[in-house]
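Student: below are the sequence and a predicted model; questions follow.
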There are 2 protein chains.
Amino acid sequence: MSSSRSERRERPQTQARRAEIIRAATATFGAKGYNRGPLTEIADQVGMTHAGILHHFGSKNALLLEVLQYRDDSDVEKLPDHHIPGGTELFRHLVRTAFLNAQRAGIVQAFAVLSAESVTDDHPARSYFEERYANLRREVTEAFRVMCEEAGVTAPATVEMASASILAVMDGLQVQWLLDPTALDLGEASAFAIEAIVAQVLTPRSTLL
Amino acid sequence: MSSSRSERRERPQTQARRAEIIRAATATFGAKGYNRGPLTEIADQVGMTHAGILHHFGSKNALLLEVLQYRDDSDVEKLPDHHIPGGTELFRHLVRTAFLNAQRAGIVQAFAVLSAESVTDDHPARSYFEERYANLRREVTEAFRVMCEEAGVTAPATVEMASASILAVMDGLQVQWLLDPTALDLGEASAFAIEAIVAQVLTPRSTLL
């Protein structure tokens, strides 16, 4: 969730070219996964050679990491002050993100496929996803603490599980929605589940045991 | 979630051999995904040839579907009367499954990798996962209806979203746990999230809007 990429100095033409390659790579990795998504296919989509892609990114692994970083950056760029909000506003931001995701199946598919693929042997995106989830869990946990303070309650021991659960339910709903977009409304279902988990943190209730 | 497999008549020796191949395939598909998990590696693990595997299963695709079906069957076989429970008992069953999953990372990894890989182009397990989620959502929705009836409340319109969310959060937590098993307790976090979603169906509360 850093935005260091935009700080790199590049000619506008080079930047546009790189962005075009990243979009093509997102489509190919989403359609075939990383391991089966060939660089030649990405090159064909943007009218370049395999060597041309390597000139811009160095390696297929490096391109993969740029694809992942690019989406994080563009999400953050849409926010006021390019800054992730805290407290209750973070949960509202996550709900809005879920509604936005329903409009960009290609990116959602690339993330769903790559995040699961990343747990396989020697996958180049493994540390990216490990760190991404750790960072996101930390941010959501912090937002829970702020929210509890504002509500005048002590933050319960469940905030860490709740943070993992919010990210998990968003991811899991994406897979079901990608398999059958008519089976659920991605935005509505995510909003419902996030609300459920937040409510359970603020006022826990037991119904099963 | 059918158990038709066990009805097929096979010599015990053949059955044991098939089960051995399925275990090896689960490990290979979990470690590499389906597309990159070669039959020759599976064959090596069980001391057979590539042709020997094909003799038992016909094709790599058919073996994949047996791997998926095998886990569903063995889950059901552990249940009283080989039958998925309904009502509140289904939610308790899902919580128990999450605790059980924490003891079988190999199978969890195969499912996580294959379910996400299944959304890629022309994947042989796509309809398996589409149907599996549709069936599970239907079963959980039905359990919600029974539970609401027993609680004397009208089943709200949210039961379908809630059903998708329960499956989603279990899946999503698995990916985070596979990436870093020390980051969360798979059983505890799943139990927390399932409880949160069930509570939100029975007595909805809004905390974000």
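Tutor: That came through, no problem.
Student: I figured A:Leu94 hits A:Ile194, correct?
Tutor: Yes. Applying C-beta atoms under 8 Å, one finds A:Leu94 in contact with A:Ile194, separated by 5.9 Å. Heads up, the C-betas are built off the backbone N, CA and C, glycines and all.
Student: more neighbours: which of the two?
Tutor: Neighbour comparison, A:Leu94 and A:Ile194: the larger count goes to A:Ile194, with 24 against 21 (by other C-beta atoms under 10 Å in any protein chain shown).
Student: which SS state does the more buried one fall under?
Tutor: Using DSSP: H, G, I helix; E, B strand; the rest coil as the criterion, the local structure at A:Ile194 reads helix.
Student: return the residues in contact with it.
Tutor: If a contact means C-beta atoms under 8 Å, 6 or more residues apart in numbering or on different chains, then A:Ile194 has A:91, A:94-95, A:98, A:166, A:169-170, B:208 as its contacts.
Student: closest to B:Ala199 among those?
Tutor: Minimum separation from B:Ala199 among the contacts of A:Ile194 (C-beta to C-beta) is found for A:Val169, which lies at 14.5 Å.
Student: what's the distance between that closest one and chain B?
Tutor: Between A:Val169 and chain B the distance, using C-beta to the nearest C-beta, to the nearest Å, works out to 4 Å.
Student: okay, now that residue: neighbour count?
Tutor: Using other C-beta under 10 Å, the number of residues around A:Val169 comes to 31.
Student: packing partners for the helix or strand bottoming out on mean pLDDT in chain A?
Tutor: None of the helices or strands of chain A scores lower by mean pLDDT, DSSP states H and E than helix A:60-77, at a mean of 85. Contact partners of helix A:60-77 among helices and strands, from 3 or more C-beta pairs under 8 Å, 6 or more residues apart in numbering or on different chains; DSSP states H and E: helix A:12-32, helix A:39-45, helix A:50-57, helix A:105-117, helix A:126-150.
Student: sorry, back to before: any chance of a PyMOL selection covering the buried ones in the contacts of A:Ile194?
Tutor: Paste this into PyMOL to select the buried members of those, with burial taken from 16 or more other C-beta atoms under 10 Å in any protein chain shown:
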select buried, chain A and resi 91+94+95+98+166+169+170
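Student: would a markdown table of the contacts of A:Ile194 with secondary structure be doable?
Tutor: As requested, the contacts of A:Ile194 are exported to a markdown table (three-state DSSP):
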| residue | secondary structure |
| --- | --- |
| A:Phe91 | helix |
| A:Leu94 | helix |
| A:Val95 | helix |
| A:Ala98 | helix |
| A:Ile166 | helix |
| A:Val169 | helix |
| A:Met170 | helix |
| B:Leu208 | coil |
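Student: need the residues touching each of A:Leu94 and A:Ile194.
Tutor: With contacts taken as C-beta under 8 Å, 6+ apart, the residues that reach both A:Leu94 and A:Ile194 are A:166, A:170.
Student: surely A:Lys60 is in contact with A:Leu39?
Tutor: Yes. Because the distance of 5.4 Å satisfies C-beta under 8 Å, A:Lys60 is recorded as touching A:Leu39.
Student: tell me how many other residues crowd the closest residue to A:Thr40 other than its chain neighbours.
Tutor: What sits nearest to A:Thr40 in space, not counting adjacent residues and going by C-beta to C-beta, 6 or more residues apart in numbering or on different chains, is A:His50, at 5.3 Å. Per other C-beta under 10 Å, the neighbour tally for A:His50 reads 15.
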